[in-house]
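S.K.: predicted coordinates and the sequence they were generated for:
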Amino acid sequence: MKEFKKSNTITYNLMSFTAFKSLMLFTLLLESPKSYHEICEFFKNHEYIKEEISIDTFRVYITSLKRSGCEIVRTSSKEGSKYKIISHPFEFKISREQIKSILKIYRIITETVDLKDLFVFEKFARNLAVRTKNDELAAAVDKISLFKGIDFLLLEELFKYADNKRQIRFLYNSPKGKKIEVELVIDKLDILNNKIYLFGTNINYKEYSYFKVSRILKIINVSLNTIDFGKVTPFKVKYELKSLAPEFKLSNDEKILAIRDDSIIVEMEALNKFILKQKIMSYGNYCTVLEPADFREDIISTLKRMREEYCSGKD
């Protein structure tokens, strides 16, 4: 230590080189299988070691690793005669109880954190599954993931453009199976009905729209200048909801106007009528639209059409 403080330089006198080389060999083999020649080249070019090792010395290091609990094999000559670590006692293991805890955290933060933070947690969980070679964890995360079927690199780009409210043009696989180009001034990415959507102002229709991210095939271009449509006026709907309505959760766009003995009066705002319609329809017969009148008539017409379609096959 005194020598290091004086010179600030690592020398042979400051370390056990046998232990150091063994650890470097262990790290090297963890990355990928290596031949004796590749290991010698690595040691020769290392900033501290700067020398090759003889085959006998190399065998000593391999033996030391095996005695510490590492299982090391040598591949056939067809595979390059490379040394490969099969297992070692320093592997991080995840139990089934720990997997349950990770999934529990995932479900909790799905309801409480920003979508971008949820995305960071999912990448952490998936990386943990890869690092620990835990297929059970990978399958469990995949089963509950909100990002299933979404290209992570594409998603990271969309997050970046959403932060800056950029105008992009992308190729979209529409529900009808037709590939269309969409130009959108991005507002945000958010969760709707347990799916990830991209929200923004549609350039072609000059209205607020949203698109399922899993259907976005690729970003075609990003405009340097963004069209400013001014503030988009939100739609307002007032509805009565029976107090026994299941799964009721007040969103940030809703407020309670009145509380009655067996119901509540709620006002909701949205930039897209279809979002409002989906919300209202999800409550079924627990919900009654009070105003505006044209939206109320639209809901009634939709319900009538659904009834006709479902009853058309009956005698």
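M.R.: Arrived safely, thanks for sending.

S.K.: do you know how far residue 256 is from residue 291?
M.R.: Separation of residue 256 from residue 291 (CB to CB, to the nearest Å) stands at 16 Å. Every residue, glycine included, has its C-beta placed from N, CA and C.

S.K.: got it, and residue 215?
M.R.: 34 Å.

S.K.: more neighbours: which of these two?
M.R.: Ranked by neighbour count (other CB atoms under 10 Å), residue 215 and residue 291 place residue 215 first, with 18 against 12.

S.K.: wait, the more buried one sits on residue 176?
M.R.: No - Residue 215 sits out of contact with residue 176 when judged by CB atoms under 8 Å, with a separation of 11.1 Å.

S.K.: and the strands in the stretch 101-250 of the chain?
M.R.: Residue ranges of the strands in the stretch 101-250 of the chain, as given by DSSP state E, counting those that start in this stretch, are 167-173, 179-192, 195-202, 207-212, 216-223, 235-242.

S.K.: deepest-packed of these, please.
M.R.: Of all those, strand 195-202 carries the top mean neighbour count, a mean of 21, counting by mean count of other CB atoms under 10 Å.

S.K.: which residues touch that strand?
M.R.: Strand 195-202 is contacted from outside by 115, 146-147, 150, 155, 158, 162, 182-191, 207-214, 216, 229, 232, 271, using CB atoms under 8 Å, 6 or more residues apart in numbering.

S.K.: output it in PDB with nothing but the alpha carbons.
M.R.: Taking Å, rounded to 0.1, in the frame of the first residue of the first chain, the C-alpha atoms of strand 195-202 are listed here in PDB:
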ATOM      1  CA  LYS A 195     -52.500  -2.000 -24.200                       C
ATOM      2  CA  ILE A 196     -49.800   0.600 -25.000                       C
ATOM      3  CA  TYR A 197     -51.000   3.400 -27.300                       C
ATOM      4  CA  LEU A 198     -49.400   6.400 -29.000                       C
ATOM      5  CA  PHE A 199     -51.500   9.500 -28.700                       C
ATOM      6  CA  GLY A 200     -51.300  12.700 -30.700                       C
ATOM      7  CA  THR A 201     -52.800  15.000 -33.300                       C
ATOM      8  CA  ASN A 202     -53.300  13.400 -36.700                       C
END
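
S.K.: I figured residue 149 hits residue 212, correct?
M.R.: No - Residue 149 lies out of contact with residue 212 (CB under 8 Å); the separation is 9.6 Å.

S.K.: least confident secondary structure element in the protein?
M.R.: Within the chain, no helix or strand scores below helix 2-7, which has a mean of 52 by mean pLDDT, DSSP states H and E.

S.K.: tell me the helix or strand right after that one.
M.R.: Sequence-wise, the next helix or strand downstream of helix 2-7 (DSSP states H and E) is helix 17-31.

S.K.: between strand 235-242 and the lengthiest helix in the chain, find me the angle.
M.R.: Taking DSSP state H as the criterion, the chain has its longest helix at helix 293-311. Angle, helix 293-311 to strand 235-242, by axes from the mean of the first three to the mean of the last three CA atoms, to 10 degrees: 60 degrees.

S.K.: state the mean pLDDT of helix 293-311.
M.R.: Mean pLDDT, helix 293-311: 87.

S.K.: list the buried residues of that helix.
M.R.: Across helix 293-311, burial judged by 16 or more other CB atoms under 10 Å covers 295-296, 298-299.

S.K.: likewise stretch 271-281?
M.R.: In stretch 271-281, counting by 16+ other CB under 10 Å, buried: 271-272, 275-277, 279-280.

S.K.: can you list the residues you listed in CSV and add distance to residue 41?
M.R.: Shown next, in CSV, are these (distance: CB to CB, whole Å):
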residue, distance to residue 41
271, 61
272, 61
275, 61
276, 66
277, 66
279, 64
280, 69
